[in-house]
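Student: sequence below, structure please.
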Amino acid sequence: MSVELIMNLGSDQMANQFVFSLPTGIPGGGNKEAVALRLDGSFDTPAFSLATYDVNYRGIKVTKVSTKEETEKTFSCDFRLDQQWEVYDSLVNWLKMVFDPDTLTGYPEEAIRTTALVQAYGRNNEIVKSIRFTGVVIKSLKISEFSQESSDPNKLTAEFAFAGMKVS
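Tutor: Have a look, this model is predicted:
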């Protein structure tokens with residue numbers, strides 16, 4: 001294989017050139033720009049997967065792919081926690097809309113779901129691919145440990161569930 005063939009493949013998608021956003025806002029309000037800008041680290045896109053089943057015949061097993069989707073419908077994000085706790089307050093208000101253990105109530109589905117968007121950027125600051133998550137709802141929130149030895153900001157980990165994922 002020649003180096004020229006590799007050079008002619010074109011530019012690679014750089015892993016650090018992406019933006020995470022909640023374009024339709026955070027249910028219950030909150031600063032969606034602060035949440036998007038405080039995303040820390042990486043975003044791991046769930047794998048699209050299909051179910052399988054086995055066919056056994058005379059001692060031989062054949063695994064076949066089914067027509068049933070089995071994508072794990074969750075993703076998590078880490079956020080840098082701001083000193084005013086605005087990101088935390090925005091997300092915890094949403095979480096309490098899903099279920100508030102103090103009042104034992106939750107809002108209807110249409111009030112607690114939103115859209116999340118991950119956009120991959122090219123070398124000229126243009127969007128080259130978008131991954132749209134629909135029916136997104138927050139399912140957990142965890143503040144990282146406080147540490148006397150650390151010089152890093154505190155983090156907030158949020159886990160989300162979603163209904164659909166489309167890459168376009």
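
Student: and the helices in the protein?
Tutor: Using DSSP state H, the helices of the chain run over residues 3-7, 32-37, 86-98, 109-112.

Student: so where's this structure shaky on pLDDT?
Tutor: Along the chain, segments meeting pLDDT under 70 span 1.

Student: of the helices of the chain, which is nearest residue 148?
Tutor: Set against residue 148 and scored by CB to CB, those come closest in helix 86-98, at 21.1 Å. C-beta coordinates here come from the backbone N, C-alpha and C atoms, glycine included.

Student: what's the closest one in contact with?
Tutor: Under the criterion CB atoms under 8 Å, 6 or more residues apart in numbering, residues 26-32, 34-35, 38, 79-81, 106-107, 111-112, 137-141, 143, 156, 158 lie in contact with helix 86-98.

Student: would you mind finding the most buried of the helices of the chain?
Tutor: Of those, the one with the most neighbours on average (mean count of other CB atoms under 10 Å) is helix 86-98, at a mean of 19.

Student: could I have that helix exported to CSV, CA atoms only?
Tutor: C-alpha atoms of helix 86-98 as CSV (Å, rounded to 0.1, in the frame of the first residue of the first chain):
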residue,chain,number,x,y,z
GLU,A,86,-26.4,27.0,38.0
VAL,A,87,-25.8,23.9,36.0
TYR,A,88,-26.7,21.7,39.0
ASP,A,89,-29.9,23.7,39.7
SER,A,90,-31.0,23.5,36.0
LEU,A,91,-30.6,19.8,36.0
VAL,A,92,-31.9,19.0,39.4
ASN,A,93,-35.1,21.0,38.7
TRP,A,94,-35.6,18.8,35.6
LEU,A,95,-34.9,15.7,37.6
LYS,A,96,-37.5,16.7,40.2
MET,A,97,-40.0,17.2,37.4
VAL,A,98,-39.5,13.5,36.4
